[in-house]
Each structure stands twice: as structure tokens, then as C-alpha cells.
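> I would like to see how this sequence folds:
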Amino acid sequence: MGWIPSREEISEEVANYSELTFFKKSKNILASFVIATSLLSLFLLGNIEQMFGSGAIYEIAFNLFLSVFIFLNHRWAMVTFCALYLFNKLVFLFSSFGSPISQIIFGAIALMLTYSAFRVATALRRNGASVE
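Presented below is the predicted three-dimensional model:
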């Protein structure tokens, strides 16, 4: 699937959904992204007092909680994660915390993955297909 999935790519994923492997499903890629970015945040912060002091540990825990519902193909969890993640990236971008390029890249990746997973989940719901 490309950066912005076409209607044909979405239809193909929906049609072959039950036969696809783990990383061929958009929702699994998004859930993996959520877990990977949460683990990256834990690794970069490192100091437990700093995590609790900044509230980052709560954000990481909430994102991991959302990843379970994303894995279960809940569209509300996809939108919630993307909105909070993009808000977080905008705050970091405007506060000059970290590299602005990395904030833009990670934000764009999250937006693209969420858009793709949301469209597939919507098509699956319309078709009444079983979701794993």
C-alpha cells in the first residue's frame, strides 16, 4: 500500500482480509506503530522520575491501551490515537522540543497509517466481514 491508499488497495485488503498475514493488515501496522513509538518514548526518557513528572508515562500507557482497541479494529481508537498524537507533535513542534523534522515525519506517518486503517475498518464494517 502506498502513502495514501487507493480505493483499489482498500478493496483488495478488504476482499482478502482473512487470508492476510499480520503485517499485511493496516490495523496491525498502526497498532505496531503505536507500540513502537511508545517503547521509543520509554527508551528516550529513561528516567522514571522524569516520566512521572512530565506525565509522559500516562500518555504512553494510554497509547498502549488504545493499541489494543486498534488491534480489535475499533475506529474510535484509531481516531483518538491520531488526534492525540498529532496534538502532541504540534506541541513539540511549536515548543522547539526535539527536531522539527522528526515531529513532522512521525506525525505524517501516524496520519497516513490511521487513514489507511480507518478506511479498511469502515469498508469491513460496511461489508459485514468478520474482523480479527
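> helix or strand with the lowest mean pLDDT in the chain?
Least confident helix or strand, the chain: helix 48-54 with a mean of 62, by mean pLDDT, DSSP states H and E.
> isn't L93 right next to S102, touching?
No: here L93 does not reach S102: they are 9.7 Å apart, not a contact under CB atoms under 8 Å. From N, CA and C alone the C-beta is placed, and that goes for glycine too.
> compare those two (neighbour count), which wins?
L93 (17 against 12; other CB atoms under 10 Å).
> element containing the residue positioned nearest the centre of the chain, please.
With distances taken as CA atoms, centre = their mean, the residue of the chain nearest its centroid is L30 (4.0 Å). L30 belongs to helix 26-45 when assigned by DSSP states H and E.
> so where's this protein uncertain?
Counting by pLDDT under 70, the chain has low-confidence residues at 1-3, 46-54, 129-132.
> ok, and the closest non-adjacent residue to E59?
Nearest non-adjacent residue to E59, counting by CB to CB, 6 or more residues apart in numbering: N88, 7.2 Å away.
> what's the distance between that neighbour and F71?
Computed as CB to CB, to the nearest Å, the N88 to F71 distance reads 21 Å.
> could you do Y115 as well?
17 Å.
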